[in-house]
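Novice: next input, structure requested:
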Amino acid sequence: MTERLDGTVALVTGASSGIGAAAAASLAAQGAAVALAARRKDRLDALAADIRANGGRAVVIEADVTDEHQATNTVKQTVAELGRLDTLVNNAGVMLLGPALDAPLTEWQRMVELNVLGLVYCAHAALPHLLSAAKDSPRRVADMVNISSVAGRVARNGSGVYNLTKHGVGAFSESLRQEVTTRHVRVTLIEPGATATELAFHNRPEILEGMAQQFGGIEIMHAEDIAESIRYAVTQPRRVAVNEILVRPTEQER
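Specialist: Here you go, the predicted model:
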């Protein structure tokens, strides 16, 4: 049994494309008002227009969550414009792969800044509001969904710092879950396998070639498939907490 999200507010980071955009559209379809946060405002405006055209409510927040001030203000603006915060989807992230030897250090820094610091900045700012929502909302429950990866479970040659960040997201999520679950804030970790988004295309050409060889022969997932996992987790009754969802393409072996 799942429940609608009417009267609730969701904030989705990295909402300009891929899993974030699909998740925001899915939560809006379930009745949530959604705050769309990312750097590419034109993409957010287009998504917000689609949500409104389908009868939903959406606000656009242009922000880079690697900046602590912008991340904190993203949460503040969500609450100021939509009145509350019941669901946070920490989706913003980047995947930059390749050998550690001679790797551009800027790529490692970028992953740590976005995948780890951006996530914890948003989580820190959102927690008081989620705890409040769990006490006073009609559903009496709130949700934080942290998007990790299969890379948060399986370390692979050439994925060292990406593995580092995603294992860290998993550890943070489980520790936080234990801290707030008795107060009815549910923390869910989503770990997607190969998914057709823009994530891979931030890599250098030689890395993309290797990825094409690895995954070119299988049918990979769509962003909407992962959005469905998010929707499933946050629409469960108050008594049910979906702590972790690992989802791979059927043909992906590792």
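Novice: tell me who's in contact with the closest residue to G217 other than its chain neighbours.
Specialist: Nearest residue to G217, sequence neighbours excluded (C-beta to C-beta, 6 or more residues apart in numbering): E251, at 7.9 Å. Glycine gets a C-beta too; all of them are placed from N, C-alpha and C. E251 makes contacts with 217-219, as judged by C-beta atoms under 8 Å, 6 or more residues apart in numbering.
Novice: out of these, which is most surrounded?
Specialist: Counting neighbours by other C-beta atoms under 10 Å, I218 leads these with 15 neighbours.
Novice: can I assume that residue is in contact with G193?
Specialist: No: the criterion here is C-beta atoms under 8 Å, and I218 misses it with G193 at 9.6 Å.
Novice: list the residues that contact both of these two?
Specialist: Shared contacts of I218 and G193, defined by C-beta under 8 Å, 6+ apart, comprise 249, 252.
Novice: ok, R39 to A63 distance?
Specialist: Look at R39 and A63: by C-beta to C-beta, to the nearest Å, they are 7 Å apart.
Novice: of those two, which one has the most company?
Specialist: Taking other C-beta under 10 Å, R39 and A63 do not tie; A63 has more neighbours (24 against 15).
Novice: what is the nearest of the contacts of E251 to E174?
Specialist: Using C-beta to C-beta, I218 is the member of the contacts of E251 that lies nearest E174, at 29.5 Å.
Novice: can you pull the contacts of that closest one?
Specialist: By C-beta under 8 Å, 6+ apart, the neighbours of I218 are 194, 249, 251-252.
Novice: quick check, pLDDT for the nearest residue to it once chain neighbours are set aside.
Specialist: Among residues not flanking I218 along the chain, E251 sits closest, at 3.8 Å (C-beta to C-beta, 6+ apart). Looking at E251, its pLDDT reads 93.
Novice: checking E251 next. Helix, strand or coil?
Specialist: At E251 the chain is in coil, as set by DSSP: H, G, I helix; E, B strand; the rest coil.
Novice: what are the phi and psi angles of it?
Specialist: Taking degrees, to the nearest 10, you get phi -90, psi 0 for the backbone angles of E251.
Novice: and for D225?
Specialist: Dihedral angles of D225 (phi, psi; degrees, to the nearest 10) stand at phi -60, psi -40.
Novice: separation between it and Q178?
Specialist: Applying C-beta to C-beta to D225 and Q178 gives a distance of 29 Å.
Novice: how about G20?
Specialist: In terms of C-beta to C-beta, G20 sits 27 Å off from Q178.
Novice: of the two, who's got more company?
Specialist: G20 (30 against 10).
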